[in-house]
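Colleague: Give me coordinates for this.
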Amino acid sequence: MTNSKNGAARSVDAALPLRSKAVLITGAGRGIGEAYARLCADLGARVFLVDRNPDTVSAVSEEIVQKGGKASWSRCDVSDPADASAAVDACVSVYGRIDGLVNNAAVYAIGDVGELDDETCRRMVEVNVLGVIYLTHATIRAMRRGRGRGRGGSIVNVTSGAQAGIPGVSVYGATKGAVASFTYGVAVDLAGTDIRINAMSPLAETSMTKDGRVYREQRGEPYLPTRLPTISDNAAAVAYLLSDHAADVRGQVVRVDPNGLSLMAHPGLLPSTLQPGSAWTFAAVREAFERSLASKQVPLGVVPASF
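Modeller: Here you go, the predicted model:
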């Protein structure tokens, strides 16, 4: 009898790996953020959805509830630190805790270098970088206040392959590179704690990829493959990172693309040429490049062969 009950419990946990976890998801009113929210709820999470558009996010929340899930929502501009902190507090107020955060909200704009206006660039930095920082800091403070319950917490920041270079999105890519670097740094800060942080680099047929394809096709230039992973493929990876099954995964950037599921390499140093004690003259540096470094240049672009 006992074994049967334990077996049933394990079966339920396997079917609902996010059962009872309180997960806050930004940019959840549409697109890939909405997919994250729906799948997390299907896997047992109590989701708290935030978005700048109250109409769309409230509709997603209501549909999740109608399907038997648990969902609440709030309007939030993640670039406002007061709004970000209030969203985390609201999640804790509704569910009594916060176990997970998905920093998905982002602003995207495409244009060649020098084409984007300053206001658009500023807005991308505010939402894509500062918004992630504000929500992450507020969530970590809340998770630390809720220690002692044996559940820990998981933060998933959404970055992009654009951090490695994609034509037309250098500013957007810079903001996503900042998110990746922030993830690495916070993971180091959280080492040895019950809170972990990772990043997700998604790819699917979304409004962003459609805009990118049109932009490149208008210039007669190749873009990403026409067959992309589905939104649900990306949602499954995010849900995994939020689950206890990923307890030992820290400081990683998980990538979904047509080649499959992978990890993106962290920035690092290639072998040195000029060693300490060498003469650091112009001639020595020039010789080092001509002899070794120039031939070791790292290819540009997240998928160089496609461009």
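Colleague: What ranges does the stretch 201-307 of the chain have for its strands?
Modeller: 253-257, 260-263 (DSSP state E, counting those that start in this stretch).
Colleague: Buried deepest among those strands, which one?
Modeller: strand 253-257 (a mean of 22; mean count of other CB atoms under 10 Å). (Glycine included, C-beta is placed from N, CA and C.)
Colleague: Pull up the pairing partners for that strand, direction included.
Modeller: Paired neighbours of strand 253-257 in the sheet (DSSP bridges): strand 195-201 (parallel), strand 260-263 (antiparallel).
Colleague: Could you export the first one as CSV, CA atoms only?
Modeller: When you say that, I think you mean strand 195-201. These are the backbone C-alpha positions of strand 195-201, laid out as CSV (Å, rounded to 0.1, in the frame of the first residue of the first chain):
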residue,chain,number,x,y,z
ILE,A,195,19.2,29.8,-6.1
ARG,A,196,20.4,29.1,-9.7
ILE,A,197,20.4,31.2,-12.8
ASN,A,198,20.7,30.2,-16.5
ALA,A,199,19.8,31.7,-19.9
MET,A,200,17.8,30.5,-22.8
SER,A,201,18.6,31.4,-26.5
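Colleague: Helices along the stretch 51-200 of the chain, start to end?
Modeller: Under the criterion DSSP state H, counting those that start in this stretch, the stretch 51-200 of the chain contains helices at 54-66, 81-95, 118-125, 131-145, 170-189.
Colleague: Kindly report the same for the stretch 201-307 of the chain.
Modeller: 207-218, 231-242, 282-291.
Colleague: Where does the closest residue to Thr56 other than its chain neighbours sit: helix, strand or coil?
Modeller: Nearest residue to Thr56 in three dimensions, chain neighbours excluded: Gly29, at 3.4 Å (CB to CB, 6 or more residues apart in numbering). Secondary structure, DSSP: H, G, I helix; E, B strand; the rest coil: Gly29 is coil.
Colleague: which residues touch Gly29?
Modeller: Residues in contact with Gly29 (CB atoms under 8 Å, 6 or more residues apart in numbering) are 49, 51-53, 55-57, 59-60.
Colleague: Which of those has the largest number of neighbours?
Modeller: For the contacts of Gly29, the largest number of neighbours (other CB atoms under 10 Å) sits with Leu49, at 31 neighbours.
Colleague: How many neighbouring residues does the nearest residue to that residue once chain neighbours are set aside have?
Modeller: Leaving aside its sequence neighbours, Leu49 sits nearest to Ala28 (CB to CB, 6+ apart; 3.8 Å). For Ala28, the count of nearby residues is 31 (other CB under 10 Å).
Colleague: who's in contact with Ala28?
Modeller: By CB under 8 Å, 6+ apart, the contact set of Ala28 is 34, 36-37, 47, 49-51, 57, 60, 73, 104.
Colleague: for the strands of the stretch 201-307 of the chain, which one sits closest to Asn128?
Modeller: strand 253-257 (15.2 Å; CB to CB).
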